[in-house]
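S.K.: With the input below, show me the fold.
(one chain, ligands or ions: 3)
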Amino acid sequence: MDQSLSSDLLPAADEAFVEAPEPRSFLDRLFDRGLLIRTGVDGLYGRSGAFESVVEALDRLVSRIGGSDGAEALRFPPGMARASFERSGYLKGFPHLAGTVHSFCGNEADHARLLACLDAGEDWTAKQAATDIVLTPAACYPLYPVAAARGRLPEGGLLFDLQSYCFRHEPSLEPTRMQLFRMREYVRMGTPEQVLAFRELWLARGTTMMRDLGLPLAIDPANDPFFGRAGKMLANNQRAQALKFELNVPVNSEDKPTACLSFNYHQDHFGTTWGIHQADGAVAHTACVGFGLERITLALLRHHGLDLDAWPASVRAQLFG
Ligand code: ATP
Ligand code: ZN
Ligand code: MG
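M.R.: Ligands and ions are numbered 1, 2, ... in the order given. The predicted structure follows:
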């Protein structure tokens, strides 16, 4: 896929003396165009104004689609309380993805040592200590303790609209696998019936949205990337119970399409963890739909080209109309 789409960018070769260049990867072409900006770290990129205009348009489009549901919008910064993070259970499933915020906690002598280490090119982080903040791993994680603190859910349950930069330590050369990226979410809390109906609704809405954006897609059962051998069992269980679905679009390759949206039924996991209760006192069930804003942007760039002005009129109308 890469080769066919990038062949037009290869120079017309004077074959005799010029070695055939490697085809530019999708990531390199994004850099070439300035849509993404290198930082020296895989998965950590700047974004151009054009790239951001698509992210913002997608955010608005999702709001339009979900607009009449009366979701309560909340925005959290990309860090969350370490205490909440510890209680959430994230470290059980995904220790390898977590990112913690550490700060210098030494005295003046430690400061001098830090600078000496830096000068010598040695490890300077010895006096860095964990702060009360960790990086948010998914947009919905800071929400559960807040919802729990409000007391029992109303009869109809609750619906939230979230967006956050999220961190996952999964450095990669695939542009769709970033370490810091934005996730837009809707989160439903209530009875099993309420949250499953919500997930069905968004499976249909998400499919229509992405089709209307001219993207080829498939909805597939999925599992979270749980850590280790115990994680395999959790993953199998998640699939056996059809708890997670992903909307996949070929972006980096046809064989390994990219999850651009995900639809997650947590059963009573967060309800139990946080003590969230339904109106009748039963433990609440929860579900969320997550939109990877950079991933959908990259899917659009992949399928409609790197020049936004040349995108199909119908796609531009959906986003910018
Ligand atoms: P994957 O299967 O690709 O590892 P995931 O199943 O871990 O993704 P979720 O935890 O369901 O993803 O996150 C919700 C959404 O956030 C995904 O559907 C995707 O669009 C986006 N997302 C997840 N990880 C990344 C990442 N590393 N870079 C960019 N977007 C991401
Ligand atoms: Zn979520
Ligand atoms: Mg996945």
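S.K.: Can you tell me which residues in the stretch 151-300 of the chain are near ligand 2?
M.R.: Contact residues (CB under 5 Å from the ion) of the stretch 151-300 of the chain with ligand 2: Cys288. C-beta coordinates here come from the backbone N, C-alpha and C atoms, glycine included.
S.K.: could you pull out the helices for the stretch 151-300 of the chain?
M.R.: 192-212, 228-240, 269-274, 293-304 (DSSP state H, counting those that start in this stretch).
S.K.: The longest one packs against which elements?
M.R.: Same thing as helix 192-212. helix 49-66, strand 180-190, strand 244-249, strand 258-267, strand 285-292 (3 or more CB pairs under 8 Å, 6 or more residues apart in numbering; DSSP states H and E).
S.K.: Could you single out the most deeply buried of these?
M.R.: Counting by mean count of other CB atoms under 10 Å, strand 285-292 has the highest mean neighbour count of the helices and strands packed on helix 192-212, with a mean of 25.
S.K.: what's the pLDDT at Ser6?
M.R.: With respect to pLDDT, Ser6 scores 47.
S.K.: scratch that, Pro23 is what I was asking about
M.R.: 83.
S.K.: Next, give phi and psi for it.
M.R.: The phi/psi pair for Pro23 (degrees, to the nearest 10) reads phi -60, psi 140.
S.K.: Kindly state the domain boundaries assigned to this structure.
M.R.: 26-98+137-320, 101-135 (the TED database).
S.K.: so how far does the last one reach from one end to the other?
M.R.: The stretch domain 101-135 measures 7 Å between its terminal residues, going by CA to CA, to the nearest Å.
S.K.: Assign a three-state SS to the residue in the stretch 1-150 of the chain that ligand 2 sits nearest to, would you?
M.R.: Among residues of the stretch 1-150 of the chain, the one nearest ligand 2 by CB to the ion turns out to be Cys140. It sits 3.2 Å away. Three-state call for Cys140 (DSSP: H, G, I helix; E, B strand; the rest coil): coil.
S.K.: which ones are touching Lys127?
M.R.: Neighbouring residues of Lys127 by CB atoms under 8 Å, 6 or more residues apart in numbering: Phe104, Cys105, Gly106, Asp110, Arg113, Leu114.
S.K.: how far away is the closest residue in space to it that isn't next to it in sequence from Glu122?
M.R.: Closest residue to Lys127 apart from its sequence neighbours, by CB to CB, 6 or more residues apart in numbering: Gly106 at 3.7 Å. According to CB to CB, to the nearest Å, Gly106 and Glu122 sit 15 Å apart.
S.K.: Neighbour count: those two, which is higher?
M.R.: More neighbours surround Gly106 than the other of Gly106 and Glu122, with 14 against 11 (other CB atoms under 10 Å).
S.K.: Now do the contacts for that one.
M.R.: Arg113, Leu114, Lys127.
S.K.: go again using 10 Å as the cut-off
M.R.: Ala112, Arg113, Leu114, Ala126, Lys127, Gln128, Ala129 (CB atoms under 10 Å, 6 or more residues apart in numbering).
S.K.: and those, which of them are in helices?
M.R.: Judged by DSSP state H, the contacts of Gly106 include Ala112, Arg113, Leu114 as members of helices.
S.K.: helix or strand for the residue nearest to Ala81 when sequence neighbours are not counted, which one?
M.R.: Among residues not flanking Ala81 along the chain, Asp132 sits closest, at 6.3 Å (CB to CB, 6+ apart). Per DSSP states H and E: Asp132 is located in strand 128-135.
S.K.: The very next helix or strand once past that strand and ligand 2 in contact?
M.R.: Once the chain leaves strand 128-135, the next helix or strand it forms, by DSSP H and E, is helix 143-149. No - shown here: helix 143-149 not in contact with ligand 2 (CB under 5 Å from the ion), separated by at least 8.2 Å.
S.K.: for the chain, where's the lowest mean pLDDT among helices and strands?
M.R.: None of the helices or strands of the chain scores lower by mean pLDDT, DSSP states H and E than helix 2-6, at a mean of 46.
S.K.: ok, back up a step: ligand 3: which of the contacts of Gly106 is nearest?
M.R.: Using CB to the ion, Gln128 comes nearest to ligand 3 of the contacts of Gly106, at 31.3 Å.
S.K.: highest average neighbour count across the helices of the stretch 151-300 of the chain?
M.R.: Using mean count of other CB under 10 Å, helix 293-304 ranks as the most buried of the helices of the stretch 151-300 of the chain, with a mean of 23.
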